[in-house]
Each structure stands twice: as structure tokens, then as C-alpha cells.
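Engineer: Mind folding the following:
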Amino acid sequence: MNVVIIGCGYVGTEIARYWHQELGFVVTATTTTPDRVSRLEALGVRVAIVHGNDLEGLQTLLQDQDTVLLSIGAKSSDVYEETYLQTAQTLVSALQQTPSVRQVLYTGSYSVYGDRDGAWVDETSPLKPTNHNAQILAQTEQVLLSAASDRLKVCILRLGGIYGPNRELMKIFSRVFGTNWIHLDDIVAAIEFARKQRLDGIYNLVDDAHLTSRELLNSLCEKHHSPYVIWDTAHKSVRPYNARVSNQKIKNAGYQLIHPQMIF
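Structural biologist: You can find the predicted model right below:
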């Protein structure tokens, strides 16, 4: 199995390790940061420095590949269009010249659902992105889905907030509030599940906990023996991604969560 991972950050690096070391796949990983090359090569994978808007570079990269995982992340909020949308557009163009690729997997975000005042959403819910960057993510999904055909499967995983080793909840909760989370172990396992089952379309990937911000923060404070937060109920929440995301579709497809409840 020949697979290419476009974007090897927190998620991409771990799936690269798993695919190569655990399953024996021939993995090619891309990065735009030269300093990351040696770290990725230490995993036993091939590494290429390719930017998302490099059509010729992506066409060369995709030759004789079976599966493409697009697992990119913007380094700052002002490069979302370049990072996500332009990369997706370039990838779709490159795929037209590389018939060996039979599946594209993309790790997106549940932020495309927007603020639903805590109401439930699933994959059939209309998108209501609340800011420009979320709109870019919604457009990126549509560009990728436009490439789907009888020959090419396109699967989008809308991830919850990501946590795991070296990305603990207590560190990230100070800047990211949310009710939908997913552990790195489940992201890796779900990506492999989607590849193996040749899933197509959109699937939410969050755990079963759906804790409110108050419940989650209280649990974190209890674990770390910190004082409980005093909440000011006079102020209405202004969170841009306030929705409870259903994971029933991917479970109906046969995926079983490794960590259905949050690990504190």
C-alpha cells in the first residue's frame, strides 16, 4: 500500500508512524518546514518539502499512490485560504492527472457547524460558519467532495477538539472552549478505519462525552487540584462553535471508539 500524507503535524506524524511501523505501508509525508524533515525521516517514511499550491510538485508526489491523506493545519489565522482552500484546489487538479489514487481522506473540523446554542447537529445539518476561517473550511470540503467519482472515494472526517500525548486538555483548554473532543488514538484509528472500509462522504469524529465547558473545566480543576472557576452567569456565551456534534454515523458504519469518554 502506497500512501501519501499531505501535512505532517500532530495528527499526520502519528498516522505516518502507524501506517509505516505497524502496517508496513510505504508512506510519503510532506512538510513545508525543513526543520521537520529529519524527525519524519526517523519514523522510516519518505519526506518531501511541497507547498500546497505547487501543482507540479503534487502531481509528482501522487504518482503511483493508492491513498492520500490531507491533514493540514494553518500556522496562523491569516493563512487559512492559502493553507486549506488553495491546497484543496491544487490537489483536486493534481488528482485529474494521477489515476492511481483511489481514495482521499481529509481531517476537517466541526467548526463548520457554527453556533447552534448547544443544539445537536449531525452530517445532514446545514453549515453555518460564524467567521471567515470557518467559511474557508466549509469551502475546502466542497472542493474536495467535487473530486469524488465512481473511481475516487473522498471521505471527510470533521474532528472535534484534538487532545492526546503532548497536547493535554489542561494546556489547550485555556484558549479553546468546546463540548466536542476526540483523542489522537481515535483519530488515527478512525482514519485507518475509513481507509480500510473505503468510506466516502462526511463523518463526524467526536467522542461520546459532550461535556459542557463548565463540566470539563471542573473535572480538570479537580484532577489538577486547582481552585474551581467562578462563572459569571450575567454574560452570554460568545463561543463561535457552540454545538453538540453527533457521532452516530461513523458508529453505524462500524467504528468503535477507543476513548468514548474523555481521559483527564
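Engineer: just the strands in the protein please.
Structural biologist: Taking DSSP state E as the criterion, the chain carries its strands at 2-6, 26-31, 46-49, 67-70, 103-109, 120-121, 153-159, 161-163, 181-183, 201-205, 244-245.
Engineer: Neighbouring strands - and their directions - for the first one?
Structural biologist: Looking back up the chat, that one is strand 2-6. Using DSSP bridges, the strands paired with strand 2-6 are strand 26-31 (parallel), strand 67-70 (parallel).
Engineer: if we can go back for a sec, which stretch in the strands of the chain has the least confidence?
Structural biologist: Here the lowest mean pLDDT among those goes to strand 161-163, at a mean of 89.
Engineer: Within the sheet, what are the partner strands of that one, with directions?
Structural biologist: Counting by DSSP bridges, the strands paired with strand 161-163 are strand 181-183 (parallel).
Engineer: Run the chain-centre distance for the strand it pairs with.
Structural biologist: Centre-to-centre, strand 181-183 and its host chain are 11 Å apart (CA atoms, centre = their mean, to the nearest Å).
Engineer: Give me the residues contacting it.
Structural biologist: Contacts to strand 181-183, defined as CB atoms under 8 Å, 6 or more residues apart in numbering, come from residues 159-164, 169, 205-207, 209, 258-259, 262-263. Quick note: C-beta positions are derived from backbone N, CA and C, even for glycine.
Engineer: By neighbours, which of these wins?
Structural biologist: In terms of neighbours by other CB atoms under 10 Å, the contacts of strand 181-183 top out with L205 at 28 neighbours.
Engineer: That one against I250, yeah?
Structural biologist: Yes - counting by CB atoms under 8 Å, L205 sits close enough to I250 to count as a contact (6.3 Å).
Engineer: which neighbours do these two share?
Structural biologist: Counting by CB under 8 Å, 6+ apart, the common neighbours of L205 and I250 are L157, A190.
Engineer: Quick one, which of the strands paired with strand 2-6 gets closest to I15.
Structural biologist: I15 lies closest to strand 67-70 among the strands paired with strand 2-6, at 6.5 Å (CB to CB).
Engineer: what distance separates that closest one from the middle of the whole chain?
Structural biologist: Strand 67-70 sits 12 Å away from the centroid of its parent chain (CA atoms, centre = their mean).
Engineer: What is the distance between the helix or strand that that strand is followed by and the centre of its chain?
Structural biologist: Downstream of strand 67-70, the first helix or strand assigned by DSSP states H and E is helix 80. Counting by CA atoms, centre = their mean, helix 80 is centred 14 Å from the centre of its parent chain.
Engineer: what's the answer for stretch 11-20, then?
Structural biologist: Taking CA atoms, centre = their mean, one finds the center of stretch 11-20 at 13 Å from the center of the full chain.
Engineer: ok, now stretch 121-128?
Structural biologist: With CA atoms, centre = their mean, you get 17 Å for stretch 121-128.
Engineer: Convert it to CSV, retaining C-alpha atoms only.
Structural biologist: Extracted C-alpha coordinates of stretch 121-128, given in CSV (Å, rounded to 0.1, in the frame of the first residue of the first chain):
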residue,chain,number,x,y,z
VAL,A,121,-26.1,18.6,14.8
ASP,A,122,-25.2,15.8,12.5
GLU,A,123,-23.8,15.4,9.0
THR,A,124,-27.1,16.4,7.4
SER,A,125,-27.3,19.7,9.3
PRO,A,126,-26.8,22.8,7.2
LEU,A,127,-23.5,24.5,7.7
LYS,A,128,-23.4,27.9,9.5
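Engineer: Give me the buried positions along that stretch.
Structural biologist: Neighbour counts over stretch 121-128 (16 or more other CB atoms under 10 Å) mark V121, E123, S125 as buried.
Engineer: repeat for stretch 245-261
Structural biologist: Using 16+ other CB under 10 Å as the test for burial, stretch 245-261 gives V245, S246, N247, K249, I250, Y255, L257, H259.
Engineer: before we move on, what about stretch 33-53?
Structural biologist: For stretch 33-53, by 16+ other CB under 10 Å, it's R36, L40, L43, V45, V47, A48, V50, G52.
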